[in-house]
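**Q** what's the 3D shape of this:
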Amino acid sequence: MKHTIITISRQFGSGGRKIGHQVAESLGIPCYDRSIIDNTAKISELSPDFIEKNEQHLSNSFIFDMTMTANIYKAQFSVIRECAEKGSCVIVGRCADKILENDYSCLKVFLYADFDKRCQRAVSEYGKDADSVRSLVKKVDRGRERFFRLFHEADWKDASNYNLCLDTGLFGVPRTVEIIRQAYQMMCEEDAE
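**A** Next up is the predicted model:
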């Protein structure tokens with residue numbers, strides 16, 4: 001049977017990392033998230049902390065940003081394709097949906113939620129500072145959107161880029177996990193026919 005990759009793109013505070021890990025656990029497949037940063041660090045010879053802070057951050061130094069971001073993206077590209085080669089898995093973030101879409105069977109998921117709910121989750125689950133959380137959520141989303149547009153010339157939030165867009169504020173984590181799990185199983189059944 002051909003393997004299927006679940007890619008999860010997400011707004012900051014929508015619970016994407018948690019959902020990705022729970023989907024993977026429910027299906028008995030690996031979830032790649034933080035390990036992508038660690039493996040990218042090995043390839044690029046940059047520290048994991050540097051990559052995490054700079055992969056989706058553009059400052060005022062355009063030439064430095066473009067060079068550094070391109071180097072990080074190139075290393076992540078390689079790591080993500082290696083993960084996909086191993087078999088069915090969940091990959092959270094890092095443009096995996098676009099990196100894999102032409103060569104793999106992908107269930108491309110976008111997770112979003114109401115801005116206030118995302119801010120609340122960032123404080124309660126991620127331990128972010130309540131006084132500055134609103135600007136942080138906006139900043140992280142802007143960085144993800146720019147990173148996506150820079151390498152794929154597409155709108156990160158455009159529903160037509162995905163097979164499934166889910167409001168995690170409406171459905172909650174357990175139901176979102178179940179919806180993704182069922183969609184994955186349906187795709188696998190269709191691929192097997």
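
**Q** please count neighbours and contacts with C-alpha atoms only from this point.
**A** Noted.

**Q** am I right that residue 89 is in contact with residue 8?
**A** No - with contacts counted by CA atoms under 8 Å, residue 89 stays clear of residue 8, the gap being 10.9 Å.

**Q** these two - which one has more neighbours?
**A** Using other CA atoms under 10 Å as the criterion, residue 89 and residue 8 rank with residue 8 on top: 27 against 24.

**Q** which is the next helix or strand following the strand or helix carrying that one?
**A** Secondary structure from DSSP states H and E places residue 8 in strand 4-10. Sequence-wise, the next helix or strand downstream of strand 4-10 (DSSP H and E) is helix 16-27.

**Q** could I get that next one in CSV with only the CA atoms?
**A** Taking C-alpha atoms only, helix 16-27 is exported to CSV below (Å, rounded to 0.1, in the frame of the first residue of the first chain):
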residue,chain,number,x,y,z
GLY,A,16,-1.5,22.1,15.8
ARG,A,17,1.5,20.6,17.5
LYS,A,18,-0.6,18.8,20.1
ILE,A,19,-3.1,17.7,17.5
GLY,A,20,-0.4,16.4,15.2
HIS,A,21,1.1,14.3,17.9
GLN,A,22,-2.3,12.9,19.0
VAL,A,23,-3.2,12.1,15.4
ALA,A,24,0.1,10.2,14.9
GLU,A,25,-0.4,8.4,18.2
SER,A,26,-3.9,7.3,17.3
LEU,A,27,-2.7,6.0,13.9
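
**Q** flag every buried residue along that helix.
**A** In terms of neighbour count (16 or more other CA atoms under 10 Å), helix 16-27 has its buried residues at 16-17, 19-24, 27.

**Q** just stretch 173-185 next, same as before
**A** Buried-residue list, stretch 173-185, by 16+ other CA under 10 Å: 173, 176-177, 180-181, 184.

**Q** export those residues to CSV and tack on secondary structure?
**A** Formatted as CSV, the buried residues of stretch 173-185 follow (DSSP: H, G, I helix; E, B strand; the rest coil):
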residue, secondary structure
173, helix
176, helix
177, helix
180, helix
181, helix
184, helix
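
**Q** can you pull out the helices in the chain?
**A** Taking DSSP state H, the helices of the chain run over residues 16-27, 34-44, 48-54, 62-86, 96-100, 115-124, 133-152, 168-192.
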